[in-house]
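Trainee: The sequence isn't on hand, but the structure is:
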């Protein structure tokens, strides 16, 4: 399986989906989150963190910090490319070291510099359907991302 779409109708359903992903993710995973402002990328990330055993209350948007690091059963590296001017600024964060390390990388606005993201990737596009309703379209590239998607979609 390399694609899957699901809809959530409440914040709790969205958070449950994120926790499921966080519980299933393995070291080395890179997840790209794509969606408009207000789509819930940071809320979803907070739920993924909770699934990794990280206090979801400490997760915040890294918009001004560019990267946040959290310690759980696997380290979570939370990037935000929204305010970056170009791909050089993203590269300067040392993304390759993070992407090919032992943590989980979650990149908000992952569609801004797709050429810098690794080939092995789980892309999640979030669409706003209503006040609390969201559509999640998952696309897995690579074997481990496909296995992760299979775990989450069951």
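Mentor: Received it, and whenever you're ready, just let me know what you need. None of these values were measured; they are calculated from a predicted model. Residues are numbered from 1 along each chain as shown.
Trainee: State the next helix or strand along the chain beyond the lowest-mean-pLDDT helix or strand in the chain.
Mentor: Averaged element by element with mean pLDDT, DSSP states H and E, the chain has its least confident helix or strand at helix 87-91 (a mean of 78). The helix or strand immediately downstream of helix 87-91 is helix 95-99, counting by DSSP states H and E.
Trainee: Quick one: residues in contact with that next one.
Mentor: 30, 67, 77, 79, 105, 116-118 (Cβ atoms under 8 Å, 6 or more residues apart in numbering). C-beta: built from backbone N, CA, C; applies to glycine.
Trainee: which helix of the protein spans the most residues?
Mentor: As assigned by DSSP state H, the longest helix anywhere in the chain is helix 11-24.
Trainee: Not counting that one itself, show me its contacts.
Mentor: With Cβ under 8 Å, 6+ apart, helix 11-24 has contacts from 6, 8, 31, 40, 43-52, 132, 134, 136, 148, 151-152.
Trainee: what's downstream of that helix, the next helix or strand?
Mentor: strand 30-34.
Trainee: quick one: the helix or strand just after that following strand to chain centroid distance?
Mentor: Where DSSP H and E defines the elements, the next helix or strand beyond strand 30-34 is helix 41-51. In terms of Cα atoms, centre = their mean, to the nearest Å, the centre of helix 41-51 is set 8 Å apart from its chain centre.
Trainee: and helix 41-51, which residues are buried?
Mentor: 41-51 (16 or more other Cβ atoms under 10 Å).
Trainee: Is it possible to get CSV of the residues you listed that adds pLDDT and distance to residue 92?
Mentor: Below are the buried residues of helix 41-51 laid out as CSV (pLDDT from 0 to 100; distance: Cβ to Cβ, whole Å):
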residue, pLDDT, distance to residue 92
41, 89, 22
42, 85, 23
43, 89, 28
44, 93, 26
45, 92, 22
46, 93, 26
47, 95, 29
48, 96, 25
49, 95, 25
50, 95, 30
51, 96, 30
